[in-house]
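Q: Sharing a model prediction with you, sequence too.
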Amino acid sequence: MAAPLIGKKAPAFKIQDDAGETVTLASLKGEWVVLFFYPKDMTSGCTVEACEFRDALPKFKKLDARVFGVSPDSVKSHQKFKAKEGLTYPLLSDPEHTMLEAYGVWVEKSMYGRKYMGVERTTVIIDPAGKVAQVFTKVTPAGHADGVTAWLRAHAG
């Protein structure tokens, strides 16, 4: 399944965060939502991206935007990652890949000729009406959070 189309209703989700609480898209209606999908806790690129979102969080709050990291890692793994890196926003756990598939980011990848399924680093911005406002695909971790805040500043602020 491809990434959601801009202007279309965002795929609904019901998923556990790192505190074991259930988060749904419906519960976030009326807010800007930034979902950054990343492959794996505590890996180099994912750590860079997660820490940049952490550092940019005050900018997101000024724009009334909620930030969530999403990966197939377990709640326990997310708790360790948050503690180690001082992350201050929720991480959503999707070990069954339900949300990852709905958002079109669970894809076949290839490394050294070996094919496997994994997360394509992608960020989706959902507007307060629950529609997809922007999709960033094949994200480069360094500098990405600033690009997302710049887009939000231009469109939400």
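A: Ah, there it is.

Q: How many neighbouring residues does Ala26 have?
A: 10 (other C-beta atoms under 10 Å). Placement of C-beta: from N, CA and C, glycine included.

Q: any idea how far it is from Pro90?
A: Taking C-beta to C-beta, to the nearest Å as the measure, Ala26 and Pro90 are separated by 16 Å.

Q: Centre-most residue in this structure?
A: The chain has Phe36 as the residue nearest its centroid, 1.9 Å off, counting by C-alpha atoms, centre = their mean.

Q: Tell me the buried residues in stretch 13-31?
A: In terms of neighbour count (16 or more other C-beta atoms under 10 Å), stretch 13-31 has its buried residues at 13, 15-18, 23, 25, 28.

Q: residues touching Pro72, list them.
A: 40, 93-95, 97, 100, 106, 119 (C-beta atoms under 8 Å, 6 or more residues apart in numbering).

Q: Make a PyMOL selection of whichever of those turn out to be buried.
A: Only the buried entries of the contacts of Pro72 go into this PyMOL selection, using 16+ other C-beta under 10 Å:
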select buried, resi 40+93+94+100+106+119
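
Q: Just the ones of the contacts of Pro72 in helices?
A: Judged by DSSP state H, helices contain the following of the contacts of Pro72: Leu100.

Q: Now tabulate the contacts of Pro72 in a markdown table and tack on pLDDT.
A: A markdown table is the format used below for these (pLDDT from 0 to 100):
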| residue | pLDDT |
| --- | --- |
| Lys40 | 94 |
| Ser93 | 97 |
| Asp94 | 97 |
| Pro95 | 96 |
| His97 | 95 |
| Leu100 | 96 |
| Trp106 | 94 |
| Val119 | 92 |
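
Q: closest to Ala133 among the contacts of Pro72?
A: Ala133 has its nearest neighbour among these in Leu100, at 19.7 Å by C-beta to C-beta.

Q: ok, now how distant is the closest one from Pro141?
A: Counting by C-beta to C-beta - Leu100 and Pro141 are separated by 18 Å.

Q: Repeat that for Ala26.
A: From Ala26 across to Pro141, the span is 30 Å (C-beta to C-beta).

Q: That concludes my questions; thank you for your assistance.
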